[in-house]
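# Got a predicted model here, sequence first, then my questions.
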Amino acid sequence: MLWTIGLCFLLASSGISHPLSSHRRNTGPNKLLLISFDGFRWDYDRDVDTPHLDEMARDGVKATYVTPSFFTITSPTHFTLITGRYIENHGVIHNMWFNTTTLEKKSYWQTQFVNEYWDNGSLPIWITAQRQGLKAGSFHFPGTAATYQGEMVSVGEVEPPIYNYSNETVWKQNVDMVMGSWFRDMDLDFVALYFGEPDGTGHKFGPDSPQRRDMVRQVDRTVGYLRNSAKRHGLADRLNVIITADHGMSTVQRNGNVEEIVLRKIPNFSFSDLVFHLVDYGPTGMLLPKEGRLDKVYNALKGAHPHLHVYKKEEMPSRLRFSNNDRILPIVLWADPGYVINGYFPVQFNRGEHGFDNEGLDMKPFFRAVGPDFQKNLEVGPFDTVNIYPLMCHLLGITPEPNDGHLDNTRRMLVAPPPEEPKRSPSSVFIGIGAVGGFLVLVFFVLVISKVLKRGKTQKRIEDGDHKEDNTIIEHTNM
Ligand SMILES: *[C@@H]1O[C@H](CO)[C@@H](O)[C@H](O)[C@H]1NC(C)=O
Ligand SMILES: *[C@@H]1O[C@H](CO)[C@@H](O)[C@H](O)[C@H]1NC(C)=O
Ligand SMILES: *[C@@H]1O[C@H](CO)[C@@H](O)[C@H](O)[C@H]1NC(C)=O
Ligand SMILES: *[C@@H]1O[C@H](CO)[C@@H](O)[C@H](O)[C@H]1NC(C)=O
Ligand SMILES: *[C@@H]1O[C@H](CO)[C@@H](O)[C@H](O)[C@H]1NC(C)=O
Ligand SMILES: [Zn+2]
């Protein structure tokens, strides 16, 4: 009998101490869905009834808010979510690709297809998952279209160049596709799913508008639809769902209420001192001065407007982590909430914007999680979004790439915190058992048996999964 227990322990412990020695996982048999609702500010549920989000919070975990990386704009902050790295470390520094020699710029959508822009040394979690034997998909998530070190997400869907991001009927179809086709039929382990709202409505009408509140109701209905779809497809008890966003939204002041920031109007500033500029993009800007003109440009702009922040790249406040990357231009600009940065003329008419300092509450997204691995009815304090990546790797049982987050910052959300490294050898364990007596033997025995049973189940599911791997469908529309 003791010999049997000993053997079980040896088997189990070799599984624990080398969780990834093969490229199959031995823990975390549940699937994971990461959802981003673009621009969903942390407090958007405060002035709207959100029964489905409320129910999800009761069934799972809610953070007060999370802190995105800076610039608080879509592609950079989404890439932080799926790499766990600050923007200066992952290199996707802007929504727009640009070349300061040819002066060419590409839009958000076109930039999706510039591989070298995304593949700059950091791997999105779907590539890491695939390399460790899991199956992954990405639906409209920024970065989906790119190839990373020669590898692409195995199931991906990229939106067409002209796409209405707001159609609720289409949202439901997309949800059913992810749940039914991707998770159930193709047996994917991880999916990243993106919705372009409430960002669009927040920009157009402002975060305090009735239109934004309506869109939050639509998001809420979709969350209800999604959880129901998971149930219908038999996934509810083996699917963890994380819902968050890339940034928040803040009201822009104009119509004579404020003195707008227009660079052309600033004394001693001249566009002729620049090689390249990226302004007229909400509250952020970057400038490349001509040879020898850096200080002239800097001195002209610094202090020129009370709500314009002007920094040489090397002097950026370190908390913003937006400095240490060759792609960041020598002068970085950003405006205070309420303001945007215009070049020659005021050409921006959005009522809502993001891109501001990530310390401001208006830039904070929401965070919710529900599923078999999460606690119920728990609200946790704020944390940086870099920590979502190590949490997701833990849930999937994969080894993370180097990143700027840590599981310690989210561990408290989990049902069973991961065990401390079990370093004890079986013999010392048995000496311990002898000393503390029969009760512990019983506890130990139950633990070992359940671990072995769980391990057997995981192993089976993985084998079923591997069987289908060769048939993985590559589904890229509109490349
Ligand atoms: C920008 O264009 C120039 C000239 O075509 C080229 O040499 C350079 O490699 C390009 N830089 C980037 C970042 O694409
Ligand atoms: C990242 O991109 C820059 C050009 O923008 C390039 O010089 C650098 O080598 C790239 N780094 C990696 C690791 O791909
Ligand atoms: C929304 O999408 C559905 C399905 O594609 C379509 O039939 C409907 O016309 C769309 N509604 C709007 C308002 O565009
Ligand atoms: C997108 O679809 C929504 C409803 O589904 C509609 O209200 C809106 O007008 C459409 N937007 C555009 C630009 O067609
Ligand atoms: C503009 O530059 C000139 C010459 O360097 C200087 O005398 C003047 O004070 C500057 N004006 C402002 C507003 O900084
Ligand atoms: Zn966004």
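Received the coordinates, thanks. Ligands and ions are numbered 1, 2, ... in the order given.
# Next, give phi and psi for the residue in the stretch 301-450 of the chain positioned nearest to ligand 4.
Residue nearest to ligand 4 within the stretch 301-450 of the chain (C-beta to the nearest ligand atom): N350, separated by 15.0 Å. Yep, even glycine has a C-beta here, placed from its N, CA and C like the rest. As for N350, its main-chain torsions (degrees, to the nearest 10) stand at phi -60, psi 140.
# burial count for the closest residue in space to it that isn't next to it in sequence?
What sits nearest to N350 in space, not counting adjacent residues and going by C-beta to C-beta, 6 or more residues apart in numbering, is H203, at 4.4 Å. As a burial measure, H203 scores 21 neighbours (other C-beta atoms under 10 Å).
# please begin residue numbering at 55 from this point
In the new numbering, first residue 55, that becomes H257.
# Next up, identify which helix or strand H257 is on.
For H257, the host element (DSSP states H and E) is helix 253-259.
# what helices or strands is that helix leaning on?
Here helix 253-259 touches helix 264-286, strand 406-407, going by 3 or more C-beta pairs under 8 Å, 6 or more residues apart in numbering; DSSP states H and E.
# Now G339: which helix or strand?
Counting by DSSP H and E, the element that carries G339 is strand 338-343.
# for the next helix or strand after that strand, which positions count as buried?
Next in sequence after strand 338-343, counting helices and strands by DSSP H and E, comes helix 348-355. With burial defined by 16 or more other C-beta atoms under 10 Å, the residues of helix 348-355 counted as buried are 348, 351-352, 354-355.
# which stretches of the chain aren't confidently modelled?
55-82, 471-533 (pLDDT under 70).
# Kindly recompute the last result at 90.
Confidence mapping of the chain against pLDDT under 90 gives the ranges 55-83, 308-312, 470-533.
# if I look at the residue nearest the centre of it, how far off is L342?
In the chain, the residue lying closest to the centroid (C-alpha atoms, centre = their mean) is L135, at 2.2 Å. Distance from L135 to L342, counting by C-beta to C-beta, to the nearest Å: 29 Å.
# Turn the helices and strands packed on helix 253-259 into CSV, columns for mean neighbour count and distance to P83.
Supplementary listing: these in CSV, determined by neighbours: other C-beta atoms under 10 Å; distance: least, C-beta to C-beta, whole Å:
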stretch, mean neighbour count, distance to P83
helix 264-286, 19, 16
strand 406-407, 27, 42
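# For ligand 6, find the nearest of these.
Of all these, it is strand 406-407 that lies closest to ligand 6, at 10.8 Å by C-beta to the ion.
# Report all helices and strands that the next helix or strand after that closest one contacts.
On the C-terminal side of strand 406-407, the nearest following helix or strand under DSSP H and E is strand 421-424. Contacts of strand 421-424 with other secondary structure elements, assessed using 3+ C-beta pairs under 8 Å, 6+ apart, are made with helix 105-113, strand 115-117, strand 293-298.
# ok, residues contacting whatever helix or strand comes next after strand 421-424?
Past strand 421-424, further along toward the C-terminus, the next helix or strand under DSSP H and E is strand 432-434. Residues external to strand 432-434 that are found in contact with it (C-beta atoms under 8 Å, 6 or more residues apart in numbering): 111, 114-118, 464, 466-467.
# and strand 432-434, how far out from the chain's middle?
Strand 432-434 has its average C-alpha position 19 Å from the chain's average C-alpha position, going by C-alpha atoms, centre = their mean, to the nearest Å.
# before we move on, what about stretch 149-168?
Taking C-alpha atoms, centre = their mean, the mean C-alpha location of stretch 149-168 is offset from the chain mean by 22 Å.
# First-to-last residue distance for that stretch?
With C-alpha to C-alpha, to the nearest Å as the measure, the first residue of stretch 149-168 is 12 Å from its last.
# got the contact list for that stretch?
By C-beta under 8 Å, 6+ apart, the surrounding residues in contact with stretch 149-168 are 127-130, 171, 196-200, 212-213, 215, 329-330, 332, 335, 342, 383, 533.
# Tell me the buried residues within those residues.
The neighbour-count test (16+ other C-beta under 10 Å) marks 127-130, 171, 196-200, 212-213, 330, 332, 335, 342, 383 as buried among those.
# Filter those down to the ones in helices?
Here DSSP state H is the test, and the buried ones among the contacts of stretch 149-168 give 128-130, 171 as lying in helices.
# just the residues you listed now: which is nearest ligand 4?
Looking at those and their distance to ligand 4, the nearest is T128, at 18.2 Å (C-beta to the nearest ligand atom).
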